[in-house]
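Q: Just the structure for this:
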Amino acid sequence: MAFTFLLFLSCFLGYTHSEANVSNLSPRTTFTVMVTSASSSNLSPAVSRIITTLETAPNSSPSKLEGERVGSNGILLSWVMSPDSHVNGYVIRYKEMCPYPDTTFREAPKPIPDSETLLNLFLPGSTYNIQVAAENSAGVGPFSKSLYIKTNEAPPGLVTNLTAFAQNHTFVVVTWFLPLRINGLITKFAVKAKHARTGQTVRTLEVDAQDIMTGALPHCNDAADILSRGTPSPSEVTASSSPSTLSAVPPAAAWAVPISVGVDQLRPFTAYLFEVSAFTSEGEGQVASTMVRMPESAPEDPTPHLSVWNVTSTSFAVSWDPPTIITGRFSYVIYLYGPTGVLYENSTVDLNFMYYGLIPYTTYRVVVQAKSAGLLGPEAVKTVRTPAEAPSAVQALQAAAVDSVSVRVSWKSPAQPNGPITYYRILVRSDNTLLQDITLTGAQDVNRTNRIGDGTTTPGIPADSLRHKRSADSSLITNARAFMVSLPDRSSFTGIPVTSTSHTQSAETNTKLNTNLDRTTNRTSALSMTSYPVATTVPLLTAHSQPDQLTSGQPRSSTRSAASSVPRGVDVRKEVIDMQSERLSYLVSGLSPFTEYTFTVSAATPVGEGPVTRVSEKTSEQVPSSVVGVSYQNVTSTSILVSWSPPLNPNGRITHYIVYGLNLRSSQALQRRTNETRILLTGLDKYTGYKLRVAASTAVGEGSLSNLDDIFVVTPEDEPDSPPKGLTVVDTSPSTSTLSWSPPDRANGVIQQYEVLYENQSHVGLLNTSVPRVTLTGLMPYSYYNVSVRAYTRLGHGNQISDTLNMLSGEDVPGSPPSSLSYTSVSPSEVNVTWQPPLVPNGVITHYSLELRNTSHFLNLTTPINHAQITHLRKFAQYTLVVKSHTRMGPGNHSSDPLNITTLEDEPESPPQFLLARTLSDDQVELSWEPPKQVNSEILYYKVRVWNESSEMWFNVTQTSVVISVDSKSRFNASVSGWTRLGDGGVLISITFSVLDAVPLGPPQNVSVVNLTTSSVTVLWQPPSQPSEIILHYTLYWSNNITVRKQLIPVSQLDPVSPETILSYRLSGLRAGQTYSLWLTCSTLQGQEGIHTELLYILTPEDATGPPGHPASSALPSPAGLTALGSDTHTPPNLLHPSTLSTS
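A: Purely as a prediction, here's the structure:
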């Protein structure tokens, strides 16, 4: 709006020029200016001029500057300019506030003609301060308010200072710094590990930037409160930066913090290319890369294709391939193991190796390990055996004469077996004449192994390298000839087991060997003992003997004869020995006495036979043959005279004779020496069979014996020298006992009879029997008897009596009752009862049974001792107790005298029951009740209290009712308590009543049951005949004599089953096979139950589908007693409270 000011100028004398300033005019506007002069009386004519004002720069700034992000580096700007402003265009200036703040504004490259334009001059993810000003030909107006706006994010630039460091052969730490241009909020980093040669990606890691970077992440916000705290670029961060700059958000130090990630599971000795890129919300940025080579590590797999070739008896070559997994530059360590352990350790970089100077037919183990980084890899193992050669000579060859016809040759295996020893060869010569050619091989059915020179075993003999196996001829090995007793099976001697053993020799033995075989080293074992059980009869002694041969003085000659056989020609044979022994030996037999022999031994492998080793030995003198004509003569029952003739072939000077004997009953051996051809044997057992043989001896030793040299003798009969043994009780009863025993060890004849003596303090008995078993009768129950037995032969008993047996006869039921019953009251509901055991227990008392009764019920209890503590009795009640004693056989028919028990008095435990108020007239009410359920004493009187808000009355009455006068218009409270000699117990019953409302005058009528099952019953009844008001509910009680339960039945839930108002209720939850008692009460608004009905008893049927129940009855037996279950219901006063028995 333009304003025109008219100035009136006054001319004064002396002034020739005047001017006036006019302001607040609109620019570029034409104005007419008029100037007049004025005096005090007149105005001069006006002078006018037309003037146009000049153009000025805009004096207002654009408003409502707004921006909208376009792409990642563009902002669409818009603003509003005042319409009266003359504007030719607009100037836009801006400066970066975050992340790298500018110190000065920068202008857009050219003016903007309109109030809306798109600028693409910005960097992604950066916050800018933008201002706009209008311009015209006169200049630029003021700039608008700043617009702070953040450009859209874009993928970030390259991370900086990327490095990778291998910490070990599988783990690399990759480190980098933030990109110079983050272009937004960095959300994550991607790290890839690639094979440098193939480019194959082996590991990819993506890590969240917030998890890996500590502190705030570098980013820019639109919020204006942080725009003044821009962060300079990393290149501008110096130690001299101002504190406000260093503490800016985001922190400048964030670009100086390294970011590290560990990459594992890499391969050793491998070049990897690591690529790292940053991510914003717009995606992945540029990828930076670096390379690192992993250090070497220990080899991971064994050397493949390990093989052995060019194998000889003393050398072989080994070759292999490098490990398939390259972990570094490989060298190789080769170990050679022999039978004694490690032989050689060598290193090489080649892939083959040669071994020389080995032992033939030896198992070697070659171990090859690759080596890198100074560490060894897994083993590659190969086993090889060098071929065999002919062995060396046997070692330590020795020969020792065993007897006159055999020499034992022993040796050790060759020091250098050079292969599996397939056989040994023994040549026997005398005067350079070959007599025997013996080949010794090992068993074919064992694991064939042999020993090499160092004593270790090697896998053994190939099957095709063994010679044909022959069965060993046991006759060629001389052993001590033992003999066994051969007993015939005769029916005249029963109960005696017979062992028959025979000794046979092959025909080949008889033709090659002298009949008199080699001596035994221990002549005390010349008899092989066979044990026989003791018998009263003498067994037949040999299958070849006849009765007339056992007569006294009858001589018996030996059937053995001396014979000799001289080998002719060369004896060629094959034998099997244990070739695994450390020292091998063979007994060369069939030789002649006192002859010098040369023995040569050699070993052989499949390749050939080795050199021989020689040794010489001379056989010794031979033992004599058996004596002949052995006979005997009885002298007494403990001695006999034995005689014989010298051997037919003494084979030297007879130095002495030895008589061997065997007791056929006790298997006890005897031995006597004499220089004569007869001997008197004394100290023998009576009526006992003996087996005898006589051996002659030379300076060399004793001649061999066999069963053909035996004679059998029997000593005469006599009295027993020992009593019967093993007297024991077989079976017993209260009046009988069966005993058994064994015959005497030394009966000295045939037992004719046994005499049994038994006695106690009042009785002695004697009984004879011909068998070792007897049954004693007429015994007293559970009494001790002393029993002994003696045996008789034809010649008497010999005063031999068995050990006395202290026998106890069998138990019976007690013969008398417990006695001296008494009790002591502990409390009103507890007593201690004691008694004495029965005088005639007839056994061990196992327990006592107690029967506790009152007028209507009884209870059975048990206790193992003669006293009991009975608890939970009814107070001030009468009980009768009877005790029976029990043995293992039962209780018997004896009960103790009854013990009458009266429990102590106590205060009442329950108040009077069923307190009712019955209206008699308008001002009189009769209060009635029943005595307490648990009175515990005699009720002396009842204390009745009647009261309301205005009055109170007390009455002491001895009856169970009282008539009181009351106000017919008032409601009263009444209470009743029963008083005994000890008080009322603090329990009472109370009701509230008035003349207008009272309880029913009678109980429910005509109670009955129908539809009785194993678990339920239907109860029927009719209402009371004279109810005083409306019946609210009925209460049904039922009891199994242990617990009492009740069910409240509202009248509203009852439906009459007939027009005569018969009510019904289905009671369930009963148990099969039990007796229950039922009764009913009814209640009115008064809230108290009326008189209950008579008890109705029912018995539920047994359950046919399962085991029978346990019906309740008047007897309640319980070994541990029963505990009464508490109930808050009304129980008829004649029910017994069960008790609990506790023993101490």
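
Q: Spell out the residue ranges of the strands in the stretch 601-750 of the chain.
A: For the stretch 601-750 of the chain, applying DSSP state E, counting those that start in this stretch gives strands covering 613-618, 628-636, 639-645, 656-663, 669-674, 678-681, 689-697, 711-714, 725-732, 737-742.

Q: Could you list the buried residues of the third one?
A: The one in question is strand 639-645. 640, 642-644 (16 or more other Cβ atoms under 10 Å). Any C-beta I mention is one placed from the backbone N, CA and C, and that applies to glycine too.

Q: Alpha carbons of it, as CSV, please.
A: Output of strand 639-645 as CSV, limited to C-alpha atoms (Å, rounded to 0.1, in the frame of the first residue of the first chain):
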residue,chain,number,x,y,z
SER,A,639,47.3,-160.3,61.7
ILE,A,640,48.3,-162.6,58.7
LEU,A,641,51.4,-164.3,57.5
VAL,A,642,52.4,-163.6,53.8
SER,A,643,55.0,-165.7,51.9
TRP,A,644,56.3,-165.8,48.2
SER,A,645,59.2,-167.0,45.9
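
Q: who touches it?
A: 555, 557, 627-635, 657, 659, 677-684, 692, 694, 713, 715 (Cβ atoms under 8 Å, 6 or more residues apart in numbering).

Q: In PyMOL, select just the buried ones from those.
A: Per 16+ other Cβ under 10 Å, the buried members of the contacts of strand 639-645 correspond to this PyMOL selection:
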select buried, resi 627+628+630+631+632+635+657+659+677+679+681+684+692+694+713+715
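
Q: Reformat the strands of the stretch 601-750 of the chain as a markdown table; add distance to Trp1079 and mean pLDDT.
A: Output for the strands of the stretch 601-750 of the chain, formatted as a markdown table (distance: least, Cβ to Cβ, whole Å; pLDDT from 0 to 100):
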| stretch | distance to Trp1079 | mean pLDDT |
| --- | --- | --- |
| strand 613-618 | 120 | 91 |
| strand 628-636 | 103 | 88 |
| strand 639-645 | 104 | 91 |
| strand 656-663 | 94 | 92 |
| strand 669-674 | 97 | 92 |
| strand 678-681 | 105 | 92 |
| strand 689-697 | 95 | 91 |
| strand 711-714 | 98 | 89 |
| strand 725-732 | 58 | 91 |
| strand 737-742 | 62 | 93 |
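
Q: now for those, which one comes closest to Glu206?
A: Proximity to Glu206 (Cβ to Cβ) singles out strand 613-618 among the strands of the stretch 601-750 of the chain, at 84.0 Å.

Q: Mind listing the strands the closest one pairs with, and their directions?
A: The strands beside strand 613-618 in its sheet (DSSP bridges) come out as strand 596-604 (antiparallel).

Q: now the stretch 351-500 of the chain, which segments are flagged as low pLDDT?
A: Residue ranges of the stretch 351-500 of the chain with pLDDT under 70: 444-500.

Q: Can you show me the strands along it?
A: 352-355, 363-372, 375-385, 395-403, 406-412, 423-430, 433-441, 449-451, 457-459.

Q: Compare these and give me the one nearest Val789.
A: Comparing the strands of the stretch 351-500 of the chain by Cβ to Cβ, strand 395-403 comes nearest, at 55.9 Å.

Q: Partner strands of the closest one, with direction?
A: strand 406-412 (antiparallel).

Q: Next, work out how far apart Asn806 and Leu43 are.
A: Asn806 sits at a distance of 180 Å from Leu43 (criterion: Cβ to Cβ, to the nearest Å).

Q: what's the answer for His1092, then?
A: 140 Å.

Q: For Arg853, give the beta-bridge partners.
A: Beta-bridge partners of Arg853, as defined by DSSP bridges: Phe858, Thr880.

Q: let's number from 57 now, not from 1
A: Fine by me, first position is 57 from now on; the one you just mentioned is Arg909.

Q: Lovely, talk soon.
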